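Participant: Provided below for reference: sequence and predicted model.
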Amino acid sequence: MTIRTTSTGRAVATAAAIALGAAGAALCQDTSGVKGKFRGPHITTLATERYVPQTYYTAIPATPPSTPQPLVTAAPVPAPGGGPGGPVSADPLKAPDDPPVTDQSTARWSNYWETHKWEIVPRPAAAGPALPEEPWKNPVLQSLLQGLFDPDPVVAGAAALGLGRTRDPRYEPLLRQAASGRWGRGSQAGGHGGDDVLRGTAILALGLSGSPEGARRLADLVREIEKPAEEPPGGPAPGKPAEPSGEAQEAAELRAALATVGLGLVGLPSDTELLREKAGQQTASPALRVGALLGLSQSVDPRGAEEIHAIGFAPLWHPTFRGIATALLGRAPTEGPSGASRKTEDGRDVPLTWTDILVEWSRAFRGTRSVTVGAALALTRRARPADVGRLADLVAESPDWASRGLLCIALARAAAGSPESARALRILQKEARSGSPIPIRGFALFSMGLLKDPAAVPDLVKVLKAPEEDGEARGAAAVALGLLGARESVPALFEALAWTQGDPGRGLLGAWCAEGLGLVGGADASGVLRRVFEQNREAWRGRAGDAPSRADPHLRRGAGTALAFLGDPTVTGFVQDLRAEDEFLGGGAASALAWARPAAALAELRRAASTGKAGHERGRALAVLGHWRRPSERPDILDIVSDLFPFDAARPYDGFVSLLLDLL
């Protein structure tokens, strides 16, 4: 197998990461310690070759090792010998007899927080002003329509996504034209022609639009992957040589993968079979197969989850794909497979639930980290108070940090507000003891905030106030205190925040303390956060270049995010940070503004979208404006991929997942 970096993959990944705000930066956060650095989006690998079964693994034994059987499948396939707990399929990422994986960059509480904070924290009630529906009266629609004709395809793509989110059928023909590669051909309308950047983002925008006509176009794109690659309509652009057939095929595969995600966003039951076919196609590219799984996870057809369950555990599936399929079961619209049941200890038949299956897989696939992590992720969404006992057992049994930490989160979310919270707190306190590995301590401390039990406050304050403690543990305690709304912790949060200022190595801890203060709230917190935000206003310049800045981007981003939590209008100042070169600060500012939607920022965002000097500034401004809409019952793109962050790693079989995460 060969993994290649393509210009198409790099360009589309970069464009979509900018267009969608901080998606790439949030998913690529390295927080291995208090001096953690932030990296830009992973745009280094794109798996583009078509696979055949005999090369799918590094080696396939003459007698295949056993794979634990799922509790129920659409078409049961007997396992060739062995049973649960025995050897698993050959896995080049981790051999069955390797020691457990215990130190991965994704095995951190902070990565979960970065990808889920906007979901966990309630949005301020006044977020986003009401705007008229007519384009000629709506300033946001005016900016998006103007941006669609921007000569920079990154900017045009951001505008396309915003128009897709309106779910207004009037814009569907424009999006369909852009997705077809005919945008601006032979005219001055942007001049993109068959540009892959705009095509890729327009394909996702068609999915967001929810248009049945758009779905037909997306289905055509998926089917076109089986045909020989052709030149863009009208031939190559003037002065541009014809694209090599290999590059054209890679671009077509990427478009098809995005189209499968788009079909899931539209959510027509009639597309379930096409998505199932592509997800299970052994010779399809990994990107296409995972795109189909992501699409199935959003299907309004309740059979979608059952298809994921059956496909993900069919023979010859690589463990990483199985892990992704397992994680996606967390969002299944049904409680369990239809018509399936299990026996209780007293012999009664009760309906089989997805939680039953996930708990079983957590044990049966213990030798395959991707599946145990996927199951733990899914349980963070599915577990209920009645499951606390089983989750407690899994926490104690789990051999690797990522699974164990995510199970702590599942335990806390299941027990929150229930009579089981005291039991859950005792387990988390045990996991958070000083002798535990730092990643596990961070997960356990953070989970105490999700548990919503005020009895956790003294332990959390003690950790926060200890300067000898690891920065990651102190940061987890700060955010947890914020999630608990612990007013008595405000002096400790002030003190810790003050301790971090003036030392770049402490900026990340300072950001977490600021976010904790923003979650606790209060006039005293607002004043301090505004001051920190203003003191670091030049952080967008970076620490290099013609006008280097000594401001700390971590503190600027943390204080701005906290002001967004508070609904403070000062967060409008984040608009200037959209011009930052790095995705960490610029993308983080876009995410906070898109979530808070402060009315006072509207005029400045429109100005940045039309007159910003750099494409990334205009693109981020349009990405924020694209979220200026009424809440939709249908999911957004980031909702789909937020649970896949542990599979974002620079390893051969995961590289395409990294790319898809950056894209989405």
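Facilitator: Received, thanks.
Participant: so where's the stretch 451-600 of the chain shaky on pLDDT?
Facilitator: 543-549 (pLDDT under 70).
Participant: now the helices for it?
Facilitator: 457-464, 471-484, 490-500, 507-520, 523-535, 553-566, 583-596 (DSSP state H, counting those that start in this stretch).
Participant: And the strands in the chain?
Facilitator: Here the chain has its strands, by DSSP state E, at 341-343, 349-351.
Participant: most packed of those?
Facilitator: Most buried of the strands of the chain, by mean neighbour count (mean count of other C-beta atoms under 10 Å): strand 341-343, with a mean of 13. Where C-beta positions appear, they are placed from N, C-alpha and C, glycine not excepted.
Participant: Partner strands of it, with direction?
Facilitator: Partner strands and pairing direction for strand 341-343 (DSSP bridges) are strand 349-351 (antiparallel).
Participant: Excluding chain neighbours, what is closest to residue 372?
Facilitator: residue 403 (4.3 Å; C-beta to C-beta, 6 or more residues apart in numbering).
Participant: if we can go back for a sec, save the helices of the stretch 451-600 of the chain as a markdown table, and put in mean neighbour count too.
Facilitator: Output for those, formatted as a markdown table (neighbours: other C-beta atoms under 10 Å):
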| stretch | mean neighbour count |
| --- | --- |
| helix 457-464 | 20 |
| helix 471-484 | 28 |
| helix 490-500 | 20 |
| helix 507-520 | 29 |
| helix 523-535 | 17 |
| helix 553-566 | 29 |
| helix 583-596 | 27 |
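Participant: Ok, which of the ones you listed comes nearest residue 323?
Facilitator: helix 471-484 (24.5 Å; C-beta to C-beta).
Participant: okay, the angle between the closest one and helix 507-520?
Facilitator: 10 degrees (axes from the mean of the first three to the mean of the last three C-alpha atoms, to 10 degrees).
Participant: Can you list the helices and strands that helix 471-484 packs against?
Facilitator: helix 109-120, helix 438-451, helix 457-464, helix 490-500, helix 507-520 (3 or more C-beta pairs under 8 Å, 6 or more residues apart in numbering; DSSP states H and E).
Participant: Now distance to residue 395 too, for the ones you listed, in JSON lines please.
Facilitator: Converted to JSON lines, these look like this (distance: least, C-beta to C-beta, whole Å):
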{"stretch": "helix 109-120", "distance to residue 395": "14"}
{"stretch": "helix 438-451", "distance to residue 395": "9"}
{"stretch": "helix 457-464", "distance to residue 395": "17"}
{"stretch": "helix 490-500", "distance to residue 395": "28"}
{"stretch": "helix 507-520", "distance to residue 395": "24"}
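Participant: low pLDDT regions in the protein?
Facilitator: 1-106, 125-129, 183-194, 226-246, 300, 315-316, 543-549, 629-635, 637-640, 648-664.
Participant: what's the longest helix in it?
Facilitator: helix 245-266 (DSSP state H).
Participant: And that helix, what's buried?
Facilitator: 247-266 (16 or more other C-beta atoms under 10 Å).
Participant: on contacts alone, who are the packing partners of that helix?
Facilitator: helix 7-19, helix 196-209, helix 212-224, helix 272-279, helix 286-297, helix 637-641, helix 655-663.
Participant: at 6 Å what do you get?
Facilitator: Contacts defined by 3 or more C-beta pairs under 6 Å, 6 or more residues apart in numbering; DSSP states H and E place helix 245-266 against helix 196-209, helix 212-224, helix 286-297.
Participant: Between the helices and strands packed on helix 471-484, which one is closest to residue 480.
Facilitator: helix 438-451 (3.0 Å).
Participant: who's in contact with that closest one?
Facilitator: 107-109, 401, 404-405, 408-409, 412-413, 416, 421, 424, 428, 431-432, 456, 470, 472-473, 476-477, 480, 483-484 (C-beta atoms under 6 Å, 6 or more residues apart in numbering).
Participant: Number of residues surrounding residue 454?
Facilitator: Residues lying near residue 454 (other C-beta atoms under 10 Å) number 12.
Participant: Equivalent analysis for residue 426, please.
Facilitator: What residue 426 shows, counting by other C-beta under 10 Å, is a neighbour count of 11.
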